[in-house]
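Q: the sequence and its predicted three-dimensional model are supplied below.
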Amino acid sequence: MYTKDTPVEDVLCSPGAATFFVERGISPFSCSGAFPGTLGSFLEQKQVKDIDAFIQELNSALSDIPKAESI
């Protein structure tokens, strides 16, 4: 479960995370890769109005995506 303190890079390791952001018009990438900071600071910078609701929706959406099986 992700929180405001989770590094954006960790979030992007989850299948479907990048799609979730892009579908909402927010690119989680900078020129050098993933945004270098926490999810909370990233969403503040992107001027997301309700950060807690965004993170709750993110957690819900990603929990619905099947995890890849280990080989």
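A: Thanks, I have it.
Q: center of this structure, which residue is that?
A: Val11 (4.8 Å; CA atoms, centre = their mean).
Q: which stretches in the protein count as strands?
A: Here the chain has its strands, by DSSP state E, at 29-30, 33-34.
Q: pipe those strands into CSV and attach mean pLDDT per row.
A: Shown next, in CSV, are the strands of the chain (pLDDT from 0 to 100):
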stretch, mean pLDDT
strand 29-30, 82
strand 33-34, 76
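Q: for Glu44, find the nearest of these.
A: Nearest to Glu44, of all these, is strand 29-30, at 15.0 Å by CB to CB. Bear in mind the C-beta positions are built from the backbone N, C-alpha and C, glycine included.
Q: what about the closest one, distance to the chain center?
A: In terms of CA atoms, centre = their mean, to the nearest Å, the centre of strand 29-30 is found 12 Å from the chain centre.
Q: now do stretch 36-56
A: Chain-centre distance of stretch 36-56: 9 Å, with CA atoms, centre = their mean.
Q: just use 599 as the starting number from now, easier for me
A: Let's use 599 as the start, then, which means that last one is stretch 634-654.
Q: for the least confident helix or strand in the chain by mean pLDDT, which strands pair with it and how are they oriented?
A: Between all helices and strands in the chain, the lowest mean by mean pLDDT, DSSP states H and E belongs to strand 631-632, at a mean of 76. Looking at strand 631-632 with DSSP bridges, its partner strands are strand 627-628 (antiparallel).
Q: what's next to the partner strand, contact-wise?
A: The contact list for strand 627-628 (CB atoms under 8 Å, 6 or more residues apart in numbering) reads 633-634.
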